[in-house]
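# can't give you the sequence, but here's the structure:
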Ligand SMILES: [Ca+2]
(Lines give C-alpha, C1' and ligand atoms only; values in the text may rest on other atoms or scores of the structure.)
Protein backbone atom coordinates (compact mmCIF):
# COMPACT_ATOMS: atom_id res chain seq x y z
CA UNK A 1 0.00 0.00 0.00
CA UNK A 2 2.82 2.39 0.89
CA UNK A 3 4.42 1.60 -2.46
CA UNK A 4 1.21 2.51 -4.33
CA UNK A 5 0.96 5.80 -2.44
CA UNK A 6 4.63 6.52 -3.19
CA UNK A 7 4.10 5.83 -6.92
CA UNK A 8 1.02 8.06 -7.03
CA UNK A 9 3.05 10.73 -5.24
CA UNK A 10 5.68 10.55 -7.97
CA UNK A 11 3.01 10.92 -10.67
CA UNK A 12 1.88 14.13 -8.97
CA UNK A 13 5.29 15.40 -7.90
CA UNK A 14 7.16 14.97 -11.20
CA UNK A 15 4.74 17.15 -13.29
CA UNK A 16 4.79 19.82 -10.56
CA UNK A 17 8.61 19.84 -10.54
CA UNK A 18 8.72 19.98 -14.36
CA UNK A 19 6.23 22.87 -14.34
CA UNK A 20 8.29 24.82 -11.77
CA UNK A 21 11.54 24.20 -13.68
CA UNK A 22 9.94 25.30 -16.98
CA UNK A 23 8.38 28.38 -15.35
CA UNK A 24 11.75 29.33 -13.78
CA UNK A 25 13.49 28.82 -17.14
CA UNK A 26 10.98 31.08 -18.93
CA UNK A 27 11.46 33.82 -16.33
CA UNK A 28 15.25 33.46 -16.53
CA UNK A 29 15.34 33.58 -20.33
CA UNK A 30 13.09 36.63 -20.76
CA UNK A 31 14.82 39.96 -21.53
CA UNK A 32 12.39 41.71 -19.18
CA UNK A 33 12.63 41.97 -15.42
CA UNK A 34 9.89 40.55 -13.19
CA UNK A 35 8.03 43.85 -12.91
CA UNK A 36 8.01 44.32 -16.69
CA UNK A 37 6.91 40.71 -17.25
CA UNK A 38 3.71 41.36 -15.29
CA UNK A 39 1.94 42.58 -18.42
CA UNK A 40 -1.54 42.97 -16.92
CA UNK A 41 -0.12 44.58 -13.73
CA UNK A 42 -1.98 42.25 -11.36
CA UNK A 43 1.05 41.77 -9.12
CA UNK A 44 2.37 38.41 -10.32
CA UNK A 45 3.80 36.85 -13.45
CA UNK A 46 1.54 34.11 -14.78
CA UNK A 47 2.87 31.17 -16.77
CA UNK A 48 1.28 32.67 -19.90
CA UNK A 49 3.04 36.01 -19.35
CA UNK A 50 6.36 34.25 -18.74
CA UNK A 51 5.94 32.16 -21.90
CA UNK A 52 4.88 35.22 -23.95
CA UNK A 53 7.84 37.37 -22.91
CA UNK A 54 10.42 34.55 -23.08
CA UNK A 55 9.68 33.92 -26.77
CA UNK A 56 11.14 37.09 -28.24
CA UNK A 57 13.15 38.49 -31.12
CA UNK A 58 15.49 41.46 -31.35
CA UNK A 59 15.59 44.19 -33.99
CA UNK A 60 17.40 47.49 -34.38
CA UNK A 61 15.19 50.60 -34.30
CA UNK A 62 15.86 54.33 -34.27
CA UNK A 63 14.30 56.49 -31.55
CA UNK A 64 14.94 60.25 -31.59
CA UNK A 65 17.95 59.74 -33.87
CA UNK A 66 19.52 57.14 -31.54
CA UNK A 67 20.08 53.51 -32.43
CA UNK A 68 18.10 51.34 -30.07
CA UNK A 69 17.40 47.66 -29.60
CA UNK A 70 13.78 46.58 -29.55
CA UNK A 71 12.72 43.26 -28.04
CA UNK A 72 9.48 42.00 -29.57
CA UNK A 73 7.22 39.04 -28.92
CA UNK A 74 7.39 36.31 -31.55
CA UNK A 75 3.75 35.53 -30.90
CA UNK A 76 2.35 38.79 -32.30
CA UNK A 77 5.35 40.99 -33.15
CA UNK A 78 4.42 43.61 -30.54
CA UNK A 79 7.31 45.37 -28.79
CA UNK A 80 8.19 44.20 -25.28
CA UNK A 81 10.96 46.64 -24.47
CA UNK A 82 13.21 49.21 -26.15
CA UNK A 83 16.76 49.79 -24.91
CA UNK A 84 18.80 52.76 -26.10
CA UNK A 85 22.42 53.58 -25.42
CA UNK A 86 22.47 56.68 -23.26
CA UNK A 87 25.80 57.87 -24.70
CA UNK A 88 25.76 61.52 -25.72
CA1 LIG B 1 0.26 39.32 -14.38
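Perfect, thanks for sending it. Note that this is a predicted model, so its numbers are computed, not measured.

# Return the distance of the lowest-mean-pLDDT helix or strand in the chain from the chain's centre.
Least confident helix or strand of the chain, by mean pLDDT, DSSP states H and E, is helix 2-29 with a mean of 92. Offset of helix 2-29 from its chain centre (CA atoms, centre = their mean, to the nearest Å): 19 Å.

# Let the chain start at 43 from now.
In the new count, where the first residue is 43, that last one comes out as helix 44-71.

# which helices and strands does it pack with?
helix 89-96 (3 or more CB pairs under 8 Å, 6 or more residues apart in numbering; DSSP states H and E). The way it works is simple: take the backbone N, C-alpha and C, and place the C-beta from them, glycine included.

# So for the helix it packs on, mean pLDDT?
Mean pLDDT, computed over helix 89-96, is 97.

# Just the buried residues of the very next helix or strand once past it, please?
Using DSSP states H and E, the helix or strand that follows helix 89-96 in sequence is strand 98-105. Buried residues in strand 98-105, counted by 16 or more other CB atoms under 10 Å: residue 98.

# strand partners of strand 98-105, parallel vs antiparallel please.
Strand 98-105 sits in its sheet next to strand 108-115 (antiparallel), going by DSSP bridges.
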